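Visitor: I'll drop the sequence and a predicted model, then ask my questions.
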Amino acid sequence: MTENKRFRSILLFGPPGVGKGTQGKILGSVPGFFHLSVGDVFRSIDIGSPEGKEVCAFTSQGKLVPDELTIRIWKKALDAYVALSWFKPREDLLVLDGIPRNVAQTSLINDNIDIRHVVHISCSDEEDMIHRLRRRAIRENRADDANEEVIRRRFDIYREQSKPVLDCYPPELISHVEASGSPAEVLSAILKALIPIQNEHFKNED
Ligand code: ADP
């Protein structure tokens, strides 16, 4: 990390296909928020490089990339965005998307990240999310969305390894947002939760 201070952050959390990426991108276009998706970072790596090959071996199977490799690549991306001043930690809240994805990662990022709020986007209808992923497979040409077995594995991993991350944060830090509304409705609920957090952040800018 280029700074000693912990980055004030928002965690966008939820199962695959729930719209974290879509909402994160919109949020990232609002001044004062910087969105960083680990999935996007992984997809931007040269798949011919040794690191790219290693990552792809896991993502293509719908498995979690090992923690050490995930954290190393994610930190490198974060440092680059700070160096480029795309992410300005004094002004921007970092919107984390895809990390932490298991309980071990919550401690591994703790030295660098200060989570101010968690937005848990949930959907009770798993079949609806699978349908969304299938549409995304075509739209974004994502191999991990095209295969039914890989999709089901990602949901199993979410239930078993990712969902327990929510228990690592106090309930008053978490807002629950239902994903089945229109994108504008979901966005509105997210903003309602985050406006007070951003106001607080602007007050404490130093
Ligand atoms: P989704 O939108 O379906 O949740 P992402 O784009 O966030 O998918 O992630 C795609 C894939 O990248 C995951 O299925 C997983 O293989 C890998 N991945 C993303 N974030 C992490 C992480 N924090 N730790 C380990 N693997 C990760």
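Guide: Arrived safely. Numbering: from 1, shown residues only.

Visitor: for the closest residue to the ligand within the chain, what are its contacts?
Guide: Per CB to the nearest ligand atom, the residue of the chain with the smallest distance to the ligand is residue 39, at 1.9 Å. All C-beta atoms are positioned from the backbone trio N, CA, C, and that covers glycine. Residues near residue 39 by CB atoms under 8 Å, 6 or more residues apart in numbering: 21, 59, 97, 98.

Visitor: make JSON lines out of those residues and add pLDDT.
Guide: Putting the contacts of residue 39 into JSON lines (pLDDT from 0 to 100) gives the following:
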{"residue": "21", "pLDDT": "91"}
{"residue": "59", "pLDDT": "95"}
{"residue": "97", "pLDDT": "97"}
{"residue": "98", "pLDDT": "96"}
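
Visitor: out of these, what pair is the most spread apart?
Guide: Taking CB to CB as the measure, these span a maximum distance of 15.0 Å, between 59 and 97.

Visitor: okay, the two: which has more neighbours?
Guide: The residue with the greater number of neighbours, taking residue 59 and residue 97 and applying other CB atoms under 10 Å, is residue 97; the counts read 24 against 21.

Visitor: the more buried one against residue 38, yeah?
Guide: Yes - under the criterion of CB atoms under 8 Å, residue 97 lies in contact with residue 38, with a separation of 7.0 Å.

Visitor: next step: the contacts of residue 39 restricted to helices.
Guide: Of the contacts of residue 39, the ones assigned to helices by DSSP state H are 21, 59.

Visitor: what's the closest of the contacts of residue 39 to residue 183?
Guide: Minimum distance to residue 183 across the contacts of residue 39 is 11.7 Å, recorded for residue 21 (CB to CB).

Visitor: with adjacent residues omitted, what lies nearest to the closest one?
Guide: On the basis of CB to CB, 6 or more residues apart in numbering, the spatially nearest residue to residue 21 that is not a chain neighbour turns out to be residue 37, at 5.8 Å.

Visitor: kindly report the same for residue 149.
Guide: What sits nearest to residue 149 in space, not counting adjacent residues and going by CB to CB, 6+ apart, is residue 62, at 7.9 Å.
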